[in-house]
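Student: Build the 3D model from these lines:
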Amino acid sequence: MEEAMAQSQISYVAGQIVKGTVIEIRQKEVMIDIGYKSEGSVPSNEFSDHDEEELKLGDVVDVQIVRLEDREGMVELSHEQAIFKQNWDNIKTICEEGGCIKGRVKAAVKGGLIVNVGVEAFLPSSQIDIITPRDLDVFVGNTYDFKVMKLNLERQNIVLSRRELIEEERSAKRAKLLDDMMPGDIRKGTVKNLTDFGAFIDLNGLDGLLHITDMSWGRITHPSQMLATGQELEVVVLDINKESERVSLGLKQKEANPWDKIEEKYPIGGKVAGKVVNLMPYGAFIELEPGVEGLVHVSELSWTKRINKPSEVLTAGEDIEAVVLGINQDEQKISLGIRQLDTNPWDLAEEKYKVGAKVSGKIRNLTSYGAFMGLEEGLDAMIHVSDISWTRRVNHPSEVLKKGMDVEAQVLEVDRENQRISVGIKQLDDDPWDKIDELYKIGDLVEGKVSKLASFGAFVGLDHDIDGLVHISQVSEERVEKIKDVLNVGEEVTARVIKIDRSDRRIGLSIKAANYSQEQLKEEEAVLDALKPGEDLVALQHAFDTFGDDEGESKAAATKTKEEAPAKEEASAAEEPEAPAETEPLTESEEAPAETAEEAPAEAEAKADEAKPSE
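Tutor: As a prediction, the model looks like this:
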């Protein structure tokens, strides 16, 4: 009776928090008796988030009066608002002390989660875990501890963080792990993530780096070849930096180093088998066993073939044999060679191809300085352009030799160190100039065929493969402007030998002297002897370059020493039938006698008198 009287004396107003007794539990609402003249109702879902035990009749709960009478005359109550108002003071105290609060995830929304901690609070996605989760629905309905990051009392806004608590917990674990961990320890961990340079391993709160070079003794190009995210494994602790909290880990260190006692397993000179695992421009890497590779340099692939890159003869994945050439255990390098599997043909070259021996083969290649003749597979000999003919001036080997032509030659030199063999074609025959005095004498009448034309004269092919030069001044008694006007290549001519120069290997011929008497020949020879050799004779290669070229011929015509001094050119032709490659230009003092020679009579005696002062 007294309690009823006390209740009747309480005044009730909206917003007031009072205690009430559960008198009836319905499907959508709970009926509460607060001692007012009529019962109040609370939505049943307001109890599910706050009461750990199931609500039952007779329970006393805190409620807030929302409205004293609704349309039906009942009191509208709210258990949730009562708890919310009561919790604000508690939450404010927690925030000021930096404490934690427990809450239940109510729903997932854009950007995070709604958490009920007595009042609704917001948990951003970035603060849910160390790594932002993609699926937020898995957290709905679960209860966690949270740390209050931000509190706005006016707006009644709370921002929580679960990540900070996890990081604090992990930091404490890391500190303990770093104190307990020693280099050489074997620890269990989980692959957290993979990068190009290695993998990060979670050691139960402490991340360690497993570098790609410490994963395997063998060759791998990416960590994904051995590991996968989430994979559990055991690793060896290699190094610890407590200040930066960095730990270096190793996987290959759990196994023995294959480079230990490598020289015993692969002695120098021994034959080994392996697989081509990588091709580079400078060589090929051969895997002998997991973690052990050797390099075959491109120069060690063949004794004789010129190989520019290994891919010309090897392919990745190919099984091959090789010979161990050298080992550097400190740098973990092995040098291998493939050509050492065969005998070096150059070791036998000096015995097989003795100097002076006669050899035969096909022309394989032509260059500006000579030709290469194949002696055997991979072994070539070089024929220099100067060793093709005793008598013929060969400017390029293609004038005499063709690719694929069968030829014979004589071995001149074998250089094993530089791997070169020199042979000559002309050495198969005697040098005709050794007996030139027996073959030709001054005054002999000879026949031959015009082989070449030049601006200064014509070359006539004689017997014994010797060429004689008919200077333009020795073609006719009449003045000849251009040699091609009076002679043609292939034309048969008769001429007289008027000069033999054994030291310079030259024969001078004269067509106009074919009918000379002995006295006239002596006079002509005297003129030739009186002139300086090579004064008016251009180099043979330049003579042919300008022959037939209007510009070249006009320059030749403008040069007084070539067109205005027949006597002097006659002497030059006799002295130098094959002009040197470089001819010094005439000076004014040398040109003066040429003009004098032009003004002299045509008789040989007069020409000789005028020519002698030029010496």
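Student: Now do the contacts for G141.
Tutor: 104-105 (CB atoms under 8 Å, 6 or more residues apart in numbering). (Each C-beta comes from the backbone N, C-alpha and C, glycine too.)
Student: for N152, which residues make a bridge with it?
Tutor: Beta bridges link N152 to N157, judged by DSSP bridges.
Student: Quick check: which element contains R71?
Tutor: For R71, there is no enclosing helix or strand under DSSP states H and E.
Student: can you count the residues close to it?
Tutor: Neighbours of R71 under the rule other CB atoms under 10 Å: 5.
Student: for the one 4 residues further on, same thing?
Tutor: Residues within reach of V75, counting by other CB under 10 Å, total 25.
Student: Just to check, it is in contact with G40?
Tutor: Yes - using CB atoms under 8 Å, V75 is in contact with G40, at 3.4 Å.
Student: Quick check: neighbours shared by those two?
Tutor: 34, 65.
Student: Spit out the contact partners of L314.
Tutor: For L314, the contacting residues are 276, 279, 284, 301, 320, by CB under 8 Å, 6+ apart.
Student: which ones are touching the third one?
Tutor: A284 makes contact with 276, 278, 295-296, 310, 314 under the criterion CB under 8 Å, 6+ apart.
Student: which parts of the helix or strand in which Q64 is found are buried?
Tutor: Q64 is part of strand 60-67 when elements are defined by DSSP H and E. By neighbour count on 16 or more other CB atoms under 10 Å, the buried set for strand 60-67 is 61-66.
Student: What is the next helix-or-strand element following it packed up against?
Tutor: Sequence-wise, the next helix or strand downstream of strand 60-67 (DSSP H and E) is strand 75-78. Judged by 3 or more CB pairs under 8 Å, 6 or more residues apart in numbering; DSSP states H and E, the packing partners of strand 75-78 are strand 40-43, strand 60-67.
Student: mind putting these in a markdown table, mean pLDDT and distance to S451 included?
Tutor: Formatted as a markdown table, those follow (pLDDT from 0 to 100; distance: least, CB to CB, whole Å):
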| stretch | mean pLDDT | distance to S451 |
| --- | --- | --- |
| strand 40-43 | 86 | 125 |
| strand 60-67 | 85 | 129 |
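Student: hmm, back to that, out of the contacts of L314, which sit inside strands?
Tutor: Counting by DSSP state E, the contacts of L314 place 276, 279, 284, 320 in strands.
Student: quick one on the thing from earlier: by neighbour count, which of the contacts of A284 wins?
Tutor: Neighbour counts for the contacts of A284 (other CB under 10 Å) peak at V296, which has 25 neighbours.
Student: show me what contacts that residue?
Tutor: Here V296 is in contact with 283-286, 310, 322, 336-338 (criterion: CB under 8 Å, 6+ apart).
Student: element containing it, please.
Tutor: strand 292-297.
Student: ok, back up a step: report the two of the contacts of V296 separated the most.
Tutor: Maximum pairwise distance in the contacts of V296, criterion CB to CB, is 13.8 Å, between F285 and G337.
Student: neighbour count winner among those two?
Tutor: Counting neighbours by other CB under 10 Å for F285 and for G337 shows that F285 has the greater number, 20 against 17.
Student: Now the more buried one: closest residue in space that isn't a chain neighbour?
Tutor: Leaving aside its chain neighbours, F285 sits nearest to N278 (4.2 Å; criterion: CB to CB, 6 or more residues apart in numbering).
Student: Can you read off the pLDDT for that neighbour?
Tutor: pLDDT recorded at N278 is 90.
Student: Burial check on I286, number of neighbours?
Tutor: Neighbours of I286 under the rule other CB under 10 Å: 26.
Student: Look up which residues are beta-bridged to it.
Tutor: Counting by DSSP bridges, I286 is bridged to V276, G294.
Student: next one: D62
Tutor: K19.
Student: same thing with I201?
Tutor: Here I201, judged by DSSP bridges, has bridge partners V191, G208.
Student: Please put the alpha-carbon coordinates of the host helix or strand of A409 into CSV.
Tutor: Under the criterion of DSSP H and E, A409 resides in strand 406-415. C-alpha atoms of strand 406-415 as CSV (Å, rounded to 0.1, in the frame of the first residue of the first chain):
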residue,chain,number,x,y,z
ASP,A,406,88.1,-25.3,-106.8
VAL,A,407,91.7,-24.1,-106.4
GLU,A,408,95.1,-25.4,-105.5
ALA,A,409,97.7,-23.5,-103.4
GLN,A,410,100.9,-23.9,-101.4
VAL,A,411,101.1,-23.5,-97.6
LEU,A,412,103.1,-20.4,-96.7
GLU,A,413,102.6,-20.1,-93.0
VAL,A,414,100.7,-21.8,-90.1
ASP,A,415,100.1,-19.6,-87.1
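Student: Nearest spatial neighbour of T304, chain-adjacent residues omitted?
Tutor: Using CB to CB, 6+ apart, the closest residue to T304 is G378 (2.7 Å).
Student: burial count for the one you found?
Tutor: 14.
Student: ok, F197 - how many residues close by?
Tutor: Residues lying near F197 (other CB under 10 Å) number 11.
Student: who touches it in this structure?
Tutor: 211-212.
Student: you'd agree V394 is up against I388?
Tutor: Yes - under the criterion of CB under 8 Å, V394 makes contact with I388 at 4.9 Å.
Student: what is in contact with these two at once?
Tutor: Listed contacts common to V394 and I388 are V400; contacts here mean CB under 8 Å, 6+ apart.
Student: Would you mind telling me which of these two has more residues around it?
Tutor: Ranked by neighbour count (other CB under 10 Å), V394 and I388 place I388 first, with 20 against 17.
Student: Tell me who's in contact with the more buried one.
Tutor: By CB under 8 Å, 6+ apart, I388 lies in contact with 394, 397, 400-401, 424-426.
Student: ok, 6 Å please
Tutor: 394, 400, 425 (CB atoms under 6 Å, 6 or more residues apart in numbering).
Student: do the same with V480
Tutor: Neighbour list for V480: 472, 486 [criterion: CB under 6 Å, 6+ apart].
Student: go with 8 Å
Tutor: Contacts of V480 (CB under 8 Å, 6+ apart): 472-473, 486.
Student: Just name the closest of the contacts of V296 to E413, please.
Tutor: Proximity of those to E413 (CB to CB) peaks at G337, which lies at 27.5 Å.
Student: What does the pLDDT read for the closest one?
Tutor: 93.
Student: My read is that it contacts G326, right?
Tutor: No - between G337 and G326 there is no contact under CB under 8 Å: 9.5 Å.
Student: buried stuff in stretch 298-314?
Tutor: For stretch 298-314, a neighbour-count test (16+ other CB under 10 Å) marks 298, 300-301, 303, 310, 314 as buried.
Student: can you check stretch 478-495 too?
Tutor: 480, 483-484, 487, 493, 495.
Student: So what's the gap between it and the chain middle?
Tutor: Centroid separation between stretch 478-495 and its chain, computed with CA atoms, centre = their mean, to the nearest Å, is 62 Å.
Student: begin at 3 from here
Tutor: Fine by me, first position is 3 from now on; the one you just mentioned is stretch 480-497.
Student: What is the end-to-end distance of stretch 356-371?
Tutor: Its start and end residues considered, stretch 356-371 measures 24 Å (CA to CA, to the nearest Å).
Student: can you pull the buried residues of it?
Tutor: Result for stretch 356-371 [16+ other CB under 10 Å]: buried residues 361, 363, 365, 368.
Student: Now flag whichever of the residues you listed is closest to F148.
Tutor: Once CB to CB is applied, the member of those that ends up nearest F148 is L368, at 88.5 Å.
Student: what about the helices in the stretch 303-452 of the chain?
Tutor: Under the criterion DSSP state H, counting those that start in this stretch, the stretch 303-452 of the chain carries helices at the ranges 351-354, 438-441.
Student: and the spatially most central residue of the chain, what is it in contact with?
Tutor: In the chain, the residue lying closest to the centroid (CA atoms, centre = their mean) is P283, at 7.2 Å. By CB under 8 Å, 6+ apart, the contact list for P283 reads 300, 311.
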